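Novice: Here is a sequence with its predicted model. Questions after.
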Amino acid sequence: VADSAHCALLKFLFLQACEPYCGFIRSWIFKAEIHDPYKEFIVENMECFSPKSHDQAGNSVDFLSASIRLRDGVPIPGFLKDLLVPLVRAGQQLQVPMHAPVPSVDNGGGTLDKLGQLMSEDEPIVRPTADKSSSNM
């Protein structure tokens with residue numbers, strides 16, 4: 001057991017060292033974006049993927065799981081080992097509605113139009129709510 005001065009310093013260093021990974025994770029699971037200019041994270045975008053592949057029936061075969069891959073030679077941090085697969089899948093699942101075409105159905109400004117508007121906004125869909133205890137005063 002370390003003394004309190006060392007504990008505080010170690011906690012500070014650990015949190016500062018984890019922040020780049022936490023920022024990367026936030027970007028991936030909330031925006032489905034991989035922004036890694038220094039190539040230090042375990043996953044990367046594959047640019048050689050053809051975005052407009054179609055099968056014989058004309059259906060799109062753009063497999064989102066093929067758009068990212070694990071980077072060779074980059075170690076997985078210990079605190080991410082058990083979470084890596086769920087994190088990768090979370091970002092991939094978010095890519096599906098973000099890249100899916102919105103149906104062009106004229107429904108008089110109904111649900112489909114609102115869904116298309118939500119999907120095109122840069123802001124997160126889930127917004128924090130006001131604290132109910134402070135609003136009752």
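Specialist: Good, I have the coordinates.

Novice: helix or strand right after the longest helix along the chain?
Specialist: Counting residues, the longest helix found in the chain (DSSP state H) is helix 4-31. Sequence order places strand 43-45 as the next helix or strand after helix 4-31, per DSSP states H and E.

Novice: Show me what that next one is in contact with.
Specialist: Trp28, Ile34, Asp36, Ser67, Ile68, Arg69, Leu70, Arg71, Val88 (C-beta atoms under 8 Å, 6 or more residues apart in numbering). For the C-beta atoms, the positions are set from N, CA and C on the backbone; glycine is no exception.

Novice: picking up where we left off before, what about the longest helix of the chain, average pLDDT?
Specialist: Per-residue pLDDT over helix 4-31 has a mean of 88.

Novice: so what secondary structure elements neighbour that helix?
Specialist: With contacts taken as 3 or more C-beta pairs under 8 Å, 6 or more residues apart in numbering; DSSP states H and E, helix 4-31 sits against helix 84-99.

Novice: The contacts of strand 43-45, buried ones only, as a PyMOL selection?
Specialist: To isolate the buried ones among the contacts of strand 43-45 in PyMOL, judged by 16 or more other C-beta atoms under 10 Å, type:
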select buried, resi 28+36+67+68+88
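
Novice: Need the contacts of strand 43-45 in JSON lines (columns: distance to Ala100).
Specialist: What follows is the contacts of strand 43-45, written out as JSON lines (distance: C-beta to C-beta, whole Å):
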{"residue": "Trp28", "distance to Ala100": "18"}
{"residue": "Ile34", "distance to Ala100": "19"}
{"residue": "Asp36", "distance to Ala100": "25"}
{"residue": "Ser67", "distance to Ala100": "14"}
{"residue": "Ile68", "distance to Ala100": "17"}
{"residue": "Arg69", "distance to Ala100": "22"}
{"residue": "Leu70", "distance to Ala100": "25"}
{"residue": "Arg71", "distance to Ala100": "27"}
{"residue": "Val88", "distance to Ala100": "19"}
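
Novice: Alright, that wraps it up for me.
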